Each structure stands twice: as C-alpha cells, then as structure tokens.
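Asks: coords please:
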Amino acid sequence: MVSFLKNLFKPKTAPTVEVQPFGTSFEVPAGQTVLESALEHSVPFPHNCTVGTCGACKCRLVSGRVKAITDFGYVLSQKELDAGYILACQAVPQDERIVVQVPAGIEDAPPAERYRGSIVATESLTHDILRVKVELDRPLRFVAGQYASLKSAELALPRCYSFADAPEREGSRTVSFMIRKVPGGAFTEALFAGTLKGTSLTVEAPLGDFHLRTGEGPMICVAGGSGLAPLLSILEDARKKRVTRRCVLLFGARTQADLYALDQIRTIAGGWRGGFEFLPVLSAEPADSGWEGRRGMVTEYIAEALAGEADRGAEFYMCGPPVMIDRAIDVACDQGIALDSIHYDKFTDLGTAARAVAA
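Replies: Predicted structure coming up:
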C-alpha cells in the first residue's frame, strides 16, 4: 500500500522525444508541443507557421502516442495519417517516450537571413494572379522550390510566397513571385490596386524544404493556380543543369484565360533533355469554346502522366490548393507511388489558417 501511494503521488516524469535522423533527445514539459520543445533545444526541426496549417513540421511517428491539439487532418491527407505522419507543432506526447522521424532537409541549403526589399514591378498574368518583382538590398541565394516570408509595416502578419525563377549561382538582387489575389486580403487587395509599388519590405529567406531530389525516374509535376511558381523555379533550374529525366507537367486551371506562363513553359520544354510533356487541364471551360485539350480535374490525368512507369522510380512534385494536393496523393498512391516519393507544397491563405485553428 505504501509503495502504491508513493507511486501515485510522486512527480510525473516529463515525456522524452527522440528526433531521427538527428539522434537528439529532449524532454517535453507539460503544456508544450513536440515542436516547441525541439526549438527550445536548438533542434533544426523544419517548421513555418507553428499553428498547424502549413505542414512544414510534418514528421512520422515511429513509436509512442501523441495527442493532437488541432486535428492533423486539416493539413495531412488520409494516406499520410494512415502511415503515421503527424504535425509536430500540434502534437503533445502521451507516452513517456516517443520517437519521430523528420524528412531529410536540403543539403547545403543557404541559411535564412533578413533582407530589405521593395516592390519594383508587377505584371498581370491572369485576372487574379500577378508576377511581382522585389528588389533586395543584397544578393539572395536559394534552392529552387523554396519560398520567402514578406513583411511590411502595414501587415500584422507576414505572407509567404514561393520564388518563381531559377536561382542564380551568386544570388539574385531581384526575385519574383506569382501572387494570387485573395478577396478581402489586406495585402493582395492593395497589391492588385497598385498602391504597394515602392513599399518597404522585410524579406526573410530562403525558407522551406520543397526541392528536386536526386533521381533518374520520371518526374510528375502537378500544379494548380499560383502553385505553378515553385514548379517553374524547379523545372527551369533543372533545365539549366541538363537534368535528363522524363517530365510531365500537369497544370489545372478553370478556363483558358487562367492559363499563364506558357512562353516560359515552352522554353523549358524546348531545352529539356529527357522528354517533356505539358498537359493543361481545364475544369470550367465553356463547352462551346473550341478548346480541344483536356477537361475536368487535373488529378484525373495522373495515370496518363505516369504512363505505366510507377515502378521506374517516379516522383511527384505538387503545388497548389489543399484539396488538389490531398486528392493527388490518394491517386498517386493508388497508382503504386510510395508516400516518400511524393513531395508537395500546399498553398493556404490566412483565412484558411484561421478557420483551421478556430475549428
């Protein structure tokens, strides 16, 4: 009885988390998440929003149990949930010891720094997407597929946008982004109204670990809306580096008026060394428009893009809205693609993030 009472009232030991492949272990005090404790212990855990909406801190739960503060399903697909993936920023350990595994980061990626910048030019690509050029105070080096965080005195919260151009070896003083208008958005409404030219920005970059992996199998790229930006960066960089992999670019849009960067895509296709195919898919093109290309949802054409080559080391690179990404993951897995061969960047706006956190 005495022993039972001692065990009942003795202080509880804080859970311990081991992070692979770093081999680092640390305790997680009550009220903290795995990510919060990892960062306090200087573990280089990938992260961005910290509120469960961006998916940057996605990791695989190898052993132990965690409790989700916010449902992981707001960001992760059902396939990922079934495979044991969690969001470290929303995970509270429930066992004395848990083990998580984070994806491999970008080897030799430049460290993130803060730059001073200003918007120097905008170009209308569609009715709701602008190409925005930002001039920086010094050259910025990044890896194709990464993004930047933009902040100004007028913004309460920073905005994150992917680089739309291939990186330069010595860095770029001018960088560009493809930015979609968010109805009611404080930043994009002013941007599209033309009132932000010359506005001083604080730019934190480079961020993110979306990048082209080394491989020889087919590349299936799936983009929706402004999600085309990081894929163009990756593809243009790969073209310059003479990558010799078969590549298919699936681009989902509503109508022909929503297709953009076609000249840039033609340039990439013309200089691609491994076979390049561009498949635009329109979901709301009028039936009598004369469009002879593919119609429907872009994810309906994944099997066609694979062309039966799922067993040849095919990899998926996807950027766009969450619904498209989640469906594409399901379809790709059904076609025999392993989850660790699927790489994506979900584009969410602040409204989506707020709804997810409040739910």
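Asks: Show me how this protein divides into domains.
Replies: The chain breaks down into these domains under automatic domain parsing: 2-101, 113-209, 219-351.
Asks: Can you lay out those as a markdown table showing mean neighbour count?
Replies: Every C-beta, even on glycine, is put in place using the N, C-alpha and C of the backbone. Below are the domains of the chain laid out as a markdown table (neighbours: other C-beta atoms under 10 Å):
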| stretch | mean neighbour count |
| --- | --- |
| domain 2-101 | 17 |
| domain 113-209 | 18 |
| domain 219-351 | 19 |
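Asks: Need the residues that contact the one helix or strand A190 maps to.
Replies: Taking DSSP states H and E as the definition, one finds A190 inside helix 186-192. Identification of contacts with helix 186-192 by C-beta atoms under 8 Å, 6 or more residues apart in numbering yields 119, 122, 130, 132, 152, 154-156, 159, 179-183, 196.
Asks: got the CA coordinates for it in CSV?
Replies: Output in CSV follows, covering the C-alpha atoms of helix 186-192 (Å, rounded to 0.1, in the frame of the first residue of the first chain):
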residue,chain,number,x,y,z
ALA,A,186,-5.3,43.2,-46.8
PHE,A,187,-2.0,42.6,-48.8
THR,A,188,-3.3,41.4,-52.1
GLU,A,189,-6.1,43.9,-52.4
ALA,A,190,-3.6,46.7,-52.1
LEU,A,191,-1.2,44.9,-54.4
PHE,A,192,-3.7,44.5,-57.2
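Asks: Now the element after that helix, going C-ward?
Replies: Helix 186-192 is succeeded, C-terminally, by strand 200-207 (DSSP H and E).
Asks: Give me the packing partners of that following strand, helices and strands only.
Replies: strand 113-126, strand 129-140, strand 147-151 (3 or more C-beta pairs under 8 Å, 6 or more residues apart in numbering; DSSP states H and E).
Asks: Contacts only, for the residue lying closest to P103 once chain neighbours are set aside.
Replies: Nearest non-adjacent residue to P103, counting by C-beta to C-beta, 6 or more residues apart in numbering: D209, 7.0 Å away. For D209, the contact set (C-beta under 8 Å, 6+ apart) comprises P46, A56, P103, G105, I106, A109, Q146.
Asks: same deal with Q90?
Replies: By C-beta under 8 Å, 6+ apart, the contact set of Q90 is T33, G52, A68, I69, T70, F72.
Asks: Which one of the contacts of D209 is nearest to E285?
Replies: Nearest to E285 among these: Q146, at 32.9 Å, using C-beta to C-beta.
Asks: circling back: figure out which of the helices and strands packed on strand 200-207 is closest to G293.
Replies: Across the helices and strands packed on strand 200-207, closest to G293 is strand 113-126 (C-beta to C-beta), at 16.9 Å.
Asks: Residues contacting the closest one, please?
Replies: With C-beta under 8 Å, 6+ apart as the criterion, strand 113-126 contacts 130-138, 140, 150, 174, 178, 191, 194, 196-205, 257-261.
Asks: follow-up on the earlier one: if we take the contacts of helix 186-192, which one ends up nearest to E27?
Replies: Distances from E27 to the contacts of helix 186-192, taken by C-beta to C-beta, are shortest for A156, at 33.9 Å.
Asks: Helix, strand, or coil at the closest one?
Replies: For A156, the assignment made with DSSP: H, G, I helix; E, B strand; the rest coil gives coil.
Asks: Any figure for the gap between it and F187?
Replies: Distance from A156 to F187, counting by C-beta to C-beta, to the nearest Å: 10 Å.
Asks: Same check on I265?
Replies: 27 Å.
Asks: again, but for C57
Replies: To F187, C57 is 24 Å away according to C-beta to C-beta.
Asks: for S77, same thing?
Replies: Distance, S77 to F187, by C-beta to C-beta: 28 Å.
Asks: Run through the stretch 51-200 of the chain and note the low-pLDDT ranges.
Replies: Judged against pLDDT under 70, the stretch 51-200 of the chain has no low-scoring part.
Asks: Please identify the one among the contacts of helix 186-192 that lies nearest to L228.
Replies: Looking across the contacts of helix 186-192 and measuring by C-beta to C-beta, the closest to L228 is R180, at 10.4 Å.
Asks: residues contacting the residue lying closest to the closest one once chain neighbours are set aside?
Replies: Leaving aside its chain neighbours, R180 sits nearest to S226 (4.1 Å; criterion: C-beta to C-beta, 6+ apart). By C-beta under 8 Å, 6+ apart, S226 lies in contact with I129, M178, I179, R180, F347.
Asks: what's the helix or strand for I234?
Replies: Going by DSSP H and E, I234 is part of helix 228-240.
Asks: which strands and helices sit next to that helix?
Replies: strand 159-162, strand 172-180, strand 219-224, strand 247-253, helix 262-271, strand 315-320.
Asks: between the ones you listed, which gets nearest to A305?
Replies: Judging those by C-beta to C-beta, what sits closest to A305 is strand 247-253, at 4.1 Å.
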